[in-house]
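Asker: return atomic coordinates for the entry below.
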Amino acid sequence: MGAKAGVRPKESVGEALAAFASAIIAEARAALDTPGRSDAAAVHDFRKAMKRWRAFLRLVEPWLGAEARRLRAEARALAGELAAARDGQSALDALADLGKSGSAPPARSVAAIAGRLEAMRQAVEASTLTETMRARMRTALDGAAAALPTFRFDAVPFPDLAAALTQGYRRARRAIPAVWPQADSEDLHELRQRVVVHRYQIELIEPLWPRLGKLWIGEAQRLRDHLGACQDLAVLGRLTGSRQPLAPWRSRLAPLIAARQAEHVAVASRIAARLFAERPRAFRERLLALWEGGGGAS
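Answerer: Numbering: from 1, shown residues only. Take a look at the predicted model:
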């Protein structure tokens with residue numbers, strides 16, 4: 001395997017950006033074209049690649065302008081159409097997560113709930129990830145690949161890239177709830193979205209910051225996972241509403257969901273406090289010091 005795409009000390013920033021973009025498109029193609037991959041895995045991996053792509057496009061919007069906004073809107077629309085296919089798996093993941101809390105529903109109830117969710121997931125996937133949709137997804141990737149040679153990153157100086165990365169850091173930091181226990185699902189969802197963008201953008205400079213860069217990304221991923229678990233539990237909760245598939249289990253599931261969400265929120269608050277302890281200016285100065293010092297572990 002070749003070296004991971006990203007910015008390296010004293011190498012061309014423009015070439016790193018182009019290689020990074022190409023790697024994301026290749027990842028999205030692999031999600032669709034890998035033999036034997038299930039529809040659920042294809043949806044998950046394609047949406048993950050699209051999140052990386054949108055984070056990248058947001059980062060480079062100062063240089064691409066309207067083209068970056070157009071491609072990002074296209075990727076967001078595709079991901080949105082696939083979201084329903086993901087909800088069934090999200091609810092299944094939430095049900096499994098309840099089992100880790102030590103207060104899961106009885107095994108018989110879990111089996112019945114899981115069976116209903118699995119049937120729902122398969123039905124939605126069958127109607128969503130059709131050959132027509134796959135063709136649209138490939139067409140979008142072809143369009144993105146065709147646009148790559150037109151991207152002009154040659155003149156991008158690292159200080160400007162550091163400023164763009166800092167903007168992603170700042171947006172995530174501003175979304176941190178003032179009072180975590182009072183944060184609602186929308187607050188946590190917005191924070192998760194911004195953490196996802198920051199997590200994928202910071203991958204670009206991991207080769208510049210080898211040891212702590214990997215740890216930073218790992219912490220951002222852990223924060224994303226806990227916030228994502230809250231979102232999955234919210235999906236499971238919605239499915240217990242009136243006339244929803246899991247309505248018969250509402251009284252049993254609702255308190256368990258609330259308690260487990262509170263556990264994830266508590267952990268997420270501690271991770272966020274560590275990850276976003278620095279002010280944005282200090283974060284930017286750290287990036288500039290890494291570049292000027294030729295990279296390193298600090």
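Asker: so what's Ala42 closest to, chain neighbours aside?
Answerer: Nearest non-adjacent residue to Ala42, counting by CB to CB, 6 or more residues apart in numbering: Ala31, 5.4 Å away. C-beta here means a position set from N, CA and C on the backbone, and glycine is covered the same way.
Asker: and the one you found, how many neighbours?
Answerer: Neighbours of Ala31 under the rule other CB atoms under 10 Å: 21.
Asker: centre-most residue in this structure?
Answerer: Val196 (4.1 Å; CA atoms, centre = their mean).
Asker: tell me who's in contact with that residue.
Answerer: Val196 sits next to Lys51, Ala55, Arg224 when contact means CB atoms under 8 Å, 6 or more residues apart in numbering.
Asker: looking at those residues, which one is closest to Arg76?
Answerer: Among these, Lys51 lies closest to Arg76 (CB to CB), at 9.6 Å.
Asker: mind listing what's buried in the strand or helix carrying the closest one?
Answerer: Using DSSP states H and E, Lys51 sits in helix 39-64. By neighbour count on 16 or more other CB atoms under 10 Å, the buried set for helix 39-64 is 39-40, 42-61, 63-64.
Asker: how much space between the residue nearest to Ala42 and Ile113?
Answerer: Plainly put, Ala31 is 29 Å away from Ile113 if you go by CB to CB, to the nearest Å.
Asker: then Asp154?
Answerer: For Asp154, the distance to Ile113 - CB to CB - is 55 Å.
Asker: for those two, indicate the residue with more neighbours.
Answerer: Set Asp154 next to Ile113 and count neighbours by other CB under 10 Å: Ile113 wins out with 24 against 11.
Asker: all the helices of the stretch 51-200 of the chain, residue numbers only.
Answerer: Along the stretch 51-200 of the chain, the segments classed as helices by DSSP state H, counting those that start in this stretch run 66-99, 107-128, 131-147, 158-174, 185-202.
Asker: all set, thanks.
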